[in-house]
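Participant: for reference, the sequence and a predicted model appear below.
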Amino acid sequence: GSEVNYNKGILNIQDGKYADAVSNFGSENSFNKALAQMLNGSADAAVKTIDASADKESAQGYYLKAVAAARMDKIDAVVSNLKNAFGKDGSMKAKALKDREFLKYAENTMFTAIVK
């Protein structure tokens, strides 16, 4: 059933089979489905999925949206989503500072103002 497919989707992510993961997650909007979509190259779809999920206002949901925004080169969305993530979980600042997804923003004043 759907629970088995969902679990297969998680295993697919671990195996690097992102398209299979998206398929196995089905129509349910979840953090894991959004992660699979982003890893499969669909950052825009990942944002739509996370916004329709229970994690849309969680620290990890905002962080994933920030990573997706970075992949789409939208600095305003990166900063906005990271601010929200940090507001929910301050420990994510250290993670964002080291995260290679944000490497191209290391010299951006808007980015550095929120992570330091």
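Facilitator: That came through fine.

Participant: got a list of contacts for the helix or strand hosting Asp76?
Facilitator: Assigned by DSSP states H and E, Asp76 belongs to helix 75-88. Contacts to helix 75-88, defined as C-beta atoms under 8 Å, 6 or more residues apart in numbering, come from residues 57-60, 62-63, 65-66, 69-70, 92-93, 96, 102, 105, 108, 110-111, 114-115. In this view, the C-beta of every residue, glycine as well, is placed from N, C-alpha and C.

Participant: after it, next one along is what?
Facilitator: Heading C-terminal from helix 75-88 (DSSP H and E), you reach helix 92-98.

Participant: could you point out which element follows that following helix?
Facilitator: Using DSSP H and E, the first helix or strand after helix 92-98 is helix 109-115.

Participant: isn't Phe102 right up against Met92?
Facilitator: No. In this structure, Phe102 is not within contact of Met92 by C-beta atoms under 8 Å, at 11.5 Å.

Participant: related to what we said a few turns ago, buried ones among the contacts of helix 75-88?
Facilitator: 58-59, 62-63, 65-66, 69-70, 92, 96, 102, 105, 111, 115 (16 or more other C-beta atoms under 10 Å).

Participant: pick out the most distant pair among those residues.
Facilitator: Largest separation among the buried ones among the contacts of helix 75-88 by C-beta to C-beta: Ser58 and Tyr105, giving 22.4 Å.

Participant: next, name the residue at the spatial heart of the chain.
Facilitator: In the chain, the C-alpha nearest the mean C-alpha coordinate belongs to Leu64, at 1.8 Å (C-alpha atoms, centre = their mean).

Participant: right, and that residue touches Leu39 too?
Facilitator: No. Counting by C-beta under 8 Å, Leu64 does not reach Leu39; the two are 10.6 Å apart.
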